[in-house]
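[1] model this:
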Amino acid sequence: MLRLSPFTMADADRLISWFENEESLLQFAGPIFTYPLTREQIAAHLTKPDRLFYKVIDEDSALVIGHGEIAKVPGEPPKLTCLIIGNKQFRGRGLGKELTRRLTAIAFDEMQADAVQLYVYEWNRNAFELYRSLGFVINPGKSITTEVNGKSWVAINMIGRGSVFGGSM
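    Numbering: from 1, shown residues only. Okay, here's the model as predicted:
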């Protein structure tokens, strides 16, 4: 089981340690940050009033194992972003799915959203299938292309509606 707690600057060094290169930072955070991630970037990011920041805690071990955010987007559904199970020992256990469910529930229940959105890189089939299994569908015509090391990465927008999830999760 996971527990979400507010992310603070005391968590910054751990978050930084999870990104080994530009590709890993871009994969999990999108173009929000630049590599190498720094405490200064995180401090500036934490001042954004349109975001809810969480650290992810494994309740059995009491270890902080991940991070997730919800961004309020004017005129659009809230966006799940910076989703990562950073502690590699905890990957492959379905915790990314649980994290996505919990953040979605916050958006539906606390933010009264009727839908949530997220972006996933088209090459990241595991993440795409995880989101699809939760009821997210591709939002046609809405994508972002980012250049990384001479390659174009296309991020597909996916949307999950409260009616599919039954409101809260």
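
[2] Just the strands from the protein, written as ranges.
    Ranges of strands within the chain are 2-6, 51-58, 63-71, 79-85, 115-121, 137-148, 151-161, based on DSSP state E.

[3] which sections of this structure are below the confidence cut-off?
    For the chain, residues meeting the criterion pLDDT under 70 lie at 163-169.

[4] for it, longest helix please?
    In the chain, with assignment by DSSP state H, the single longest helix is helix 95-109.

[5] got the contact list for that helix?
    Outside helix 95-109, the residues that touch it by C-beta atoms under 8 Å, 6 or more residues apart in numbering are 1-2, 4, 52, 54, 56, 58, 65-66, 68-70, 77-78, 80, 83, 85, 113-114, 116, 118, 127, 130-131, 133-134, 160, 162, 165, 167-169. No exception for glycine: its C-beta is placed from N, CA and C like everyone else's.

[6] try 6 Å this time
    The contact list for helix 95-109 (C-beta atoms under 6 Å, 6 or more residues apart in numbering) reads 2, 4, 56, 68, 70, 78, 80, 85, 113, 116, 130, 134, 162, 167-169.

[7] List only those of these flagged as buried.
    Neighbour counting with 16 or more other C-beta atoms under 10 Å marks 2, 4, 56, 68, 70, 78, 80, 85, 113, 116, 130, 134, 162, 169 as buried within the contacts of helix 95-109.

[8] tell me the contacts of the third one?
    Meaning V56. For V56, the contact set (C-beta under 6 Å, 6+ apart) comprises 2, 65-66, 99.

[9] Good, we can wrap up now.
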